[in-house]
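In: could you look at this predicted model? Sequence included:
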Amino acid sequence: MLSSSPTLNNHADCEDLDKISSKQKRGKKLWRKVRYQLVEYHSLPTFLRDNEYILGHYRSEWPLKQVLLSIFTIHNETLNVWTHLIGFFLFLSLTVYTAMKVPDVVDYYTLQKFAEMLKKAGLHDIHSRFVKCLPSLSNMPDFSKIRGELKASLPYINSLSSVSGWHILEHFSNHLPECFSHFNHTSDKFLWSMKNDLLNTIAPLSFHPITRWPFYAFLGGAMFCLLASSTCHLLCCHSERLSYIMLRLDYAGIAALIATSFYPPVYYSFMCNPFFCYLYLSFITILGIATIIFSLFPVFQNPEYRTIRASLFFGMGISGVAPILHKLILYSNQPEALQTTGYEILMGALYGLGALIYAKRIPERWRPGKFDIAGHSHQLFHILVVAGAYTHYHTGLVYLKWRDLHGC
């Protein structure tokens, strides 16, 4: 009896192995495709179930690489990630802008204040010549342009090598003979008297820039909150352990934003009353730390504690009513106090509205499944947080201008 050829057997075995290998590859591809598909709420593990009104488009326990790449795909967390990621870059840009431009803005208002005081001192001719060099209030000053206009209008300022409001004022007082060279009254006695008057006019404007750390603390808190939130929404679906860590980071970011939002108004409102300044700063800092510690407990994440979570952060914000009222009592005659309070009320309204929408799950509770991708409560909450923080940024600029020009 003839036996099968070994060569034929080998070819048959190879074909069988190729078929098995091909089936395995197709199976792996199909498994990856199924595994990385978006799933519905009822298919989620317990740790990912947070909002029963968002019915679909969930990522569930994906590998870290796929989770990171999902930042560029559409799912129910896409806008949650990007609303705060864009907000982070917005505040990063504002921080750089503030560091570069705010000193120039302060010099600009210094020049305006000086022009007002020249007029009050009766130096009308100097005032009219000086004020022509200043741009309108509605425009950001270009100090290189101001320098050129000042040199053309006031020749004695030619020696100015660097431009700032206070360099100009210093040179202005030191070059009175050139300034009054076209007047008939140019006696030494007249110039001496005029210089004394001018120095007495400048004296109340003695310029000592106040510390900026409270303002930069707020900007840092805002950036930390926004970046932590964006990272949390991107990575939470990876695993239960990573979800726990990211949520703790997210809560810490919210507490940091609320606490540091108090730093500019409290510090700049009460910088002349150190007792109340340190009292309010200590209180909000301790409250923020306590909130972060409380958020570390696992029970804090349970869906039934959603209202308590929102109420706790809302309570932190409400605690700012006391220093605001105190500020209004102390500075009732200061327009800056009223202006900053208006900004702070708007900021509080935006934060409060966001917390209410988040806690009540509006609008998805009215039409479950219709707002899975866009328009659900968490996305609206994110937008309102960025809007509130941006409003507070403008509040901080008003505080800086106020204290830089007027001091205590």
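Out: On my side now, so go ahead.

In: tell me the contacts of the residue lying closest to Tyr58 once chain neighbours are set aside?
Out: Leaving aside its sequence neighbours, Tyr58 sits nearest to Val39 (Cβ to Cβ, 6 or more residues apart in numbering; 5.2 Å). (Glycine included, C-beta is placed from N, CA and C.) Applying Cβ atoms under 8 Å, 6 or more residues apart in numbering to Val39 gives the contacts Gly56, Tyr58, Arg59, Ser60.

In: so how far is Glu52 from the last one?
Out: Meaning Ser60. Per Cβ to Cβ, to the nearest Å, Ser60 is found 15 Å from Glu52.

In: of those two, which one has the most company?
Out: Using other Cβ atoms under 10 Å as the criterion, Ser60 and Glu52 rank with Ser60 on top: 16 against 13.

In: SS state for that one?
Out: At Ser60 the chain is in coil, as set by DSSP: H, G, I helix; E, B strand; the rest coil.

In: what sits closest to it if chain neighbours are left out?
Out: Val39 (5.1 Å).

In: let me know the pLDDT of the one you found.
Out: With respect to pLDDT, Val39 has a value of 94.

In: what of the one 5 residues further on?
Out: As predicted, Leu44 sits at a pLDDT of 94.

In: doesn't His57 make contact with it?
Out: No - look at Leu44 against His57 with Cβ atoms under 8 Å: they stay out of range, at 11.4 Å.

In: look up how far Ser295 lies from the residue nearest to Ser60.
Out: 28 Å.

In: could you give the number of residues near His42?
Out: 9.

In: swap in Leu380?
Out: Leu380: 19 neighbours (other Cβ under 10 Å).

In: contact partners for it?
Out: Gly354, Ile357, Tyr358, Ile362.

In: Leu242 versus the residue nearest to Ser60, what's the distance?
Out: Counting by Cβ to Cβ - Val39 and Leu242 are separated by 18 Å.

In: hang on, the earlier thing: got the phi/psi numbers for the residue nearest to Ser60?
Out: phi -120, psi 170 (degrees, to the nearest 10).

In: ditto for Arg49
Out: phi -90, psi 110.

In: surely it meets Tyr41?
Out: Yes - the pair formed by Arg49 and Tyr41 meets the contact definition of Cβ under 8 Å, at 6.8 Å.

In: higher neighbour count, the two?
Out: The neighbour comparison of Arg49 against Tyr41 (other Cβ under 10 Å) goes to Tyr41, with 20 against 12.

In: chain neighbours aside, what residue packs nearest to the more buried one?
Out: Leu55 (5.2 Å).

In: quick one: low-confidence parts of the stretch 51-200 of the chain?
Out: Low-confidence regions of the stretch 51-200 of the chain, defined by pLDDT under 70, span residues 102-200.

In: what's the domain layout of the protein?
Out: 78-99+210-406, 104-205 (automatic domain parsing).

In: which residues does the helix or strand where Gly288 lies contact?
Out: For Gly288, the host element (DSSP states H and E) is helix 274-295. Helix 274-295 has contacts (Cβ under 8 Å, 6+ apart) with 248, 251-252, 255-256, 258-259, 262-263, 266-267, 269-271, 300, 309, 312-313, 316, 319-320, 322-323, 326.

In: buried ones in that helix?
Out: Within helix 274-295, the residues that qualify as buried are Phe276, Cys277, Tyr280, Leu281, Ile284, Leu287, Gly288, Thr291, Ile292, Ser295, counting by 16 or more other Cβ atoms under 10 Å.

In: is Glu364 part of a helix or strand, or is it coil?
Out: Strictly by three-state DSSP, Glu364 counts as coil.

In: that older thread, out of the contacts of Val39, which is nearest to Ala389?
Out: Nearest to Ala389 among the contacts of Val39: Arg59, at 27.7 Å, using Cβ to Cβ.

In: hey, where'd the helices end up in the stretch 301-408 of the chain?
Out: Applying DSSP state H, counting those that start in this stretch to the stretch 301-408 of the chain gives helices spanning 306-318, 321-330, 335-360, 377-406.

In: other SSEs contacting the second one?
Out: It stands for helix 321-330. Counting contacts by 3 or more Cβ pairs under 8 Å, 6 or more residues apart in numbering; DSSP states H and E, helix 321-330 is packed against helix 263-269, helix 274-295, helix 335-360.

In: nearest to Ala99, out of those?
Out: helix 263-269 (15.3 Å).

In: packing partners for that closest one?
Out: Helices and strands touching helix 263-269, by 3+ Cβ pairs under 8 Å, 6+ apart, are helix 213-235, helix 274-295, helix 321-330, helix 335-360, helix 377-406.

In: got JSON lines for those helices, with distance to Leu90 and mean pLDDT too?
Out: What follows is the helices and strands packed on helix 263-269, written out as JSON lines (distance: least, Cβ to Cβ, whole Å; pLDDT from 0 to 100):
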{"stretch": "helix 213-235", "distance to Leu90": "8", "mean pLDDT": "96"}
{"stretch": "helix 274-295", "distance to Leu90": "23", "mean pLDDT": "88"}
{"stretch": "helix 321-330", "distance to Leu90": "25", "mean pLDDT": "92"}
{"stretch": "helix 335-360", "distance to Leu90": "15", "mean pLDDT": "91"}
{"stretch": "helix 377-406", "distance to Leu90": "7", "mean pLDDT": "92"}
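
In: which of those sits most buried?
Out: Burial among the helices and strands packed on helix 263-269, expressed as mean neighbours by mean count of other Cβ atoms under 10 Å, is greatest for helix 213-235, which shows a mean of 22.

In: helix or strand right after that one?
Out: Following helix 213-235 in sequence, per DSSP H and E, is helix 240-261.

In: flag every buried residue along that next one.
Out: For helix 240-261, by 16+ other Cβ under 10 Å, it's 243, 246-261.

In: between it and helix 274-295, how many degrees?
Out: Relative orientation of helix 240-261 versus helix 274-295 (axes from the mean of the first three to the mean of the last three Cα atoms, to 10 degrees): 170 degrees.

In: what about His378, distance to Leu287?
Out: His378 is 24 Å from Leu287, where distance means Cβ to Cβ.

In: if we can go back for a sec, out of the helices of the stretch 301-408 of the chain, which gets nearest to Leu235?
Out: Judging the helices of the stretch 301-408 of the chain by Cβ to Cβ, what sits closest to Leu235 is helix 377-406, at 15.6 Å.
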